[in-house]
Structure formats: C-alpha cells, structure tokens
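**Student:** make a model of this:
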Amino acid sequence: MSALFSSSTKKTNKMNKLSLLVVFLIGITCITATVYFSEEFDNGWESRWVVSKVKEADGTLGEWNQTTGKYFNDAQRDLGIQTSEDARFYQISAKFDKFSNKGKDLVIQYSVKFDQVIDCGGAYIKLLPPGLDQTKFEGDSAYNIMFGPDVCGSTRKTHAILTYKGTNHLVKKNVYPETDQYATHLYTLIIRPDQSYEILIDGVSKQNGSITEDFDVLAPRRIPDPAVSKPADWVNEARIADPDAKKPEGYDSIPKEISDPEAKQPEDWDDELDGEWEAPQIPNPEYKGEWSAPQIDNPAYKGEWVHPEIDNPDFVDDANIYAFEHQFIGIEIWQVKAGSIFDHILVTDSVSEAQAFATGYFAQQQAGEKTAKEADEQVAKDAAAAEAPEPAAEAGSSADDDDDNHDEL
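**Tutor:** Sure, this is the predicted structure:
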C-alpha cells in the first residue's frame, strides 16, 4: 500500500512540476514580448503626433478629425483619426524608442475604416528609420516598410513594400483590400527572421511566402548564359502547311454571295419606275473562304529552345533583408475623397499580442458596428413604411355586401 501511495505521489509531483514549467514558459514569453508602439487615438493623441508642414504653403494639407465614424461599438475605444477634406495630402508621424527587429518577429498592425465611398486614396502606414525631421515628412522621405490598402479606380491592392539599399520593393503577389463602407478592417503584416512574411486581414491570412522569392530584392541566382545564343538554323515551327497539298480545281470560282433563290419580284414592281428587279444577295453555302493548305507536324522541328543558365556573378545573398532599425511611424497619403479612419496601431515582436487583439476586442468592434448598421437600416425601413400611403379600399367590399343583403331582407 505504501509503495502504491509513493508512486501516486511521485506522479502528482511530476504533473505539478510540468504545470509550473508551462506557466513559467508562458510567463517568459509574456516578459520577452515587446510592444514598441501602440496608439488608440484617445484624447490627447495630438501631443504624440507631429503634422508635417511641407504642404502648408500650397494649401493642400488636409486636416484630421477624431471620430468613431457613423457606426461603432464603443464610443470611446473606437475613436480614431479621420481624413476630413477631399483632394488633400495627409502627412503625420509619431516617434518611439529606437529598436531593431533583427533576430525577432516584427508585427505591424492597424485598422482602417472607409466611412466614405472610397474612389481614389491611400490608407497605408510607414515605419521609418532614425533621422526623420517630422515637420518635413513627405512622400520622398526614406522609409523602411510601407504597408496597407491603396485604392484608385479599378486598381485595388494592399501594399507591402520593403526598402533595401535605398530602393523600394513591392511584393509581387497582390492582396485585395476590403473596401466596403462603414466596417472597420484590421491589417496585419508579419516579417520573420527566416526572411518570410505574412499578410492578414481581419486576422485571416491572405498571403505568405519568402521575401527573397516574392520581392525582387536580390539579383537572380541564375541567369541565361550570355555566351550562348539560339542556333541560327533552329526550327521554331512545330506545325507547317502541308507542302504536298493542292488547291482543288475550280475552288476560286465559287462566289462568296449568290442571289437568293427563294426571293420573288414584288407584284407591284414597275420596271419603268423602279428599274430592273434583282434578287437580294445572300451568303453562298458552297463558299469555303480563302484556301489554305492543311497543317501537318513539322519533321524538322527540334522543340522549344531553352537558353542554358549559369550562376549569376552579380548575385550576393543576404540573410538580413528583413532587418531594419526603426524609430518613427507615419501616415503619408493622398485622398481624392476623404473619410478614412485610422485606429488600433500596434508595432510589436509578438504575434500572439496581435492575435489576441484581433480575436478579442476587434471582433467585438466589428460585431457592434454590424449591429448598429442593421439597427439604423431597420429604423429607415420602418420610417419609409410609416410614410407609405395606405392601400385604397376595394369596390364591393364585404361590408358593402352585408349592407346590400340587409336591404333585401
């Protein structure tokens, strides 16, 4: 009995130690996770952001408004900043403690709501390196990463641009943004130390892959051998006209159109007044078009010529394309029609931190916006029904019939 008790006690102790280890590891993860920047645009947000003065002189600088938009879940937490003037530039930035994402995940996440019918305008954000003069922040200011939706006419894309050695490189695979009116959408970009990336919208993965494959950052590893050219006598044609084929006799004498054999001269036709009657022309069913020799397999065809490749002498691998030094975040856009609302900005090295917000409050916000919109639509529907005229009473109603019956009695 004592041996059995001892064994059970040992198992319990092991389970307790395992539980403590799990708690410890979770604690370590939470401790090591770093939020580099977070912005909810609550009251006092202006003190944390600097508006660029570049566009003040020509009058094209737009003004920001703090608002929840038409539909919202929480009147305080859903406050964001909104572009308020049409055909304006919006250039604003915030500073944070300098950091490098080398050796760590980098997560950029924020929300956008189009409170307007978006026709042409950007809604992306930028992470920028140290050295920015915030009062001179503009489109030509050097940045590390640009991410987010951009819409202009039929062109709709979610930008993911990485800067490498002074050149901006756009991801080659397009992710279409959400452009519906009134609903808030969450955009997330994850860049990992293994040089992979992932784009999510509303917490759902839309695109992922390798930075070296999906961005033209590095020179290609292999190139066509410049010392080799396709042989001059290489036969490209897989099919040729049959040289033994001959045009049938009389083929060219078949007319394209003929007189309609079923047409008849109208009875009231007068040759003196109307001229000589001629039957209308119709397509000739015997006509087969221009003659051409039938195609046959080319006996001299050697297949598609493939240019031999060699290692590219200009290729230089780089395991740190993903890594940047960051110190500023900015919104630098042009909007033809204003109304976009920015909110919930998060820059962190913790994917779980971003996921927790996506599945937590953000899911509540979207549900609240939907409920508010449906309630508004129901109010409008009820109001329209109340204003509609009542249908007129039909003649010969049942009440009239009853009166007639009483009169007869």
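**Student:** got a list of what Tyr143 touches?
**Tutor:** Contacts for Tyr143 were tallied using C-beta atoms under 8 Å, 6 or more residues apart in numbering; they are 126-129, 163, 168, 330. From N, CA and C alone the C-beta is placed, and that goes for glycine too.
**Student:** identify the farthest-apart pair in the residues you listed.
**Tutor:** Maximum pairwise distance among the contacts of Tyr143 (C-beta to C-beta): 14.9 Å, between Asn168 and Gly330.
**Student:** more crowded one of these two?
**Tutor:** More neighbours surround Gly330 than the other of Asn168 and Gly330, with 24 against 15 (other C-beta atoms under 10 Å).
**Student:** got a list of what the spatially most central residue of the chain touches?
**Tutor:** Nearest residue to the geometric centre of the chain (C-alpha atoms, centre = their mean): Tyr176, 1.6 Å. Listed by C-beta under 8 Å, 6+ apart, the contact set of Tyr176 reads 156-158.
**Student:** which of these fall within strands?
**Tutor:** By the criterion of DSSP state E, membership of these in strands covers 156-158.
**Student:** closest one of these to Phe362?
**Tutor:** Nearest to Phe362 out of the ones in strands among the contacts of Tyr176 is Thr158 (C-beta to C-beta; 17.3 Å).
**Student:** what helix or strand does the nearest residue to the closest one once chain neighbours are set aside sit in?
**Tutor:** Leaving aside its chain neighbours, Thr158 sits nearest to Val175 (4.1 Å; criterion: C-beta to C-beta, 6 or more residues apart in numbering). Here Val175 is covered by no helix or strand, with elements defined by DSSP states H and E.
**Student:** please report how far Val175 lies from Lys104.
**Tutor:** 24 Å (C-beta to C-beta, to the nearest Å).
**Student:** would you map the helices across this protein?
**Tutor:** 2-32, 211-214, 271-274, 351-359, 361-387, 398-408 (DSSP state H).
**Student:** spit out the contact partners of the residue nearest to Thr158.
**Tutor:** Here Val175 is in contact with 157-158, 160, 199, 201, 206-207 (C-beta under 8 Å, 6+ apart).
**Student:** cool, Pro224 as well?
**Tutor:** Pro224 neighbours (C-beta under 8 Å, 6+ apart): 307-310.
**Student:** for these, which one is nearest Ser93?
**Tutor:** Closest approach between the contacts of Pro224 and Ser93, by C-beta to C-beta: Glu309, at 45.0 Å.
**Student:** check that closest one and give its pLDDT.
**Tutor:** What the model reports as pLDDT for Glu309 is 96.
**Student:** could you pull up the residues touching it?
**Tutor:** Contacts for Glu309 (C-beta under 8 Å, 6+ apart) come out as 222-225.
**Student:** neighbouring contacts of stretch 370-381?
**Tutor:** The contact list for stretch 370-381 (C-beta under 8 Å, 6+ apart) reads 71-73, 182-183.
**Student:** off-centre distance for it?
**Tutor:** Between the centre of stretch 370-381 and the centre of its chain there are 28 Å (C-alpha atoms, centre = their mean, to the nearest Å).
**Student:** next one: stretch 42-61
**Tutor:** Here the centre of stretch 42-61 is set off from its chain's centre by 28 Å, with C-alpha atoms, centre = their mean.
**Student:** and it, end to end?
**Tutor:** Its first and final residues considered, stretch 42-61 spans 23 Å by C-alpha to C-alpha, to the nearest Å.
**Student:** flag every buried residue along that stretch.
**Tutor:** For stretch 42-61, a neighbour-count test (16 or more other C-beta atoms under 10 Å) marks 45, 49-52, 54-55, 61 as buried.
**Student:** burial of the nearest residue to Val51 once chain neighbours are set aside, as a residue count?
**Tutor:** Of all residues not flanking Val51 in the chain, Ile92 sits nearest, at 5.2 Å (C-beta to C-beta, 6+ apart). Ile92: 21 surrounding residues under other C-beta under 10 Å.
**Student:** test my guess that Ile92 contacts Phe328.
**Tutor:** No. Counting by C-beta atoms under 8 Å, Ile92 does not reach Phe328; the two are 10.8 Å apart.
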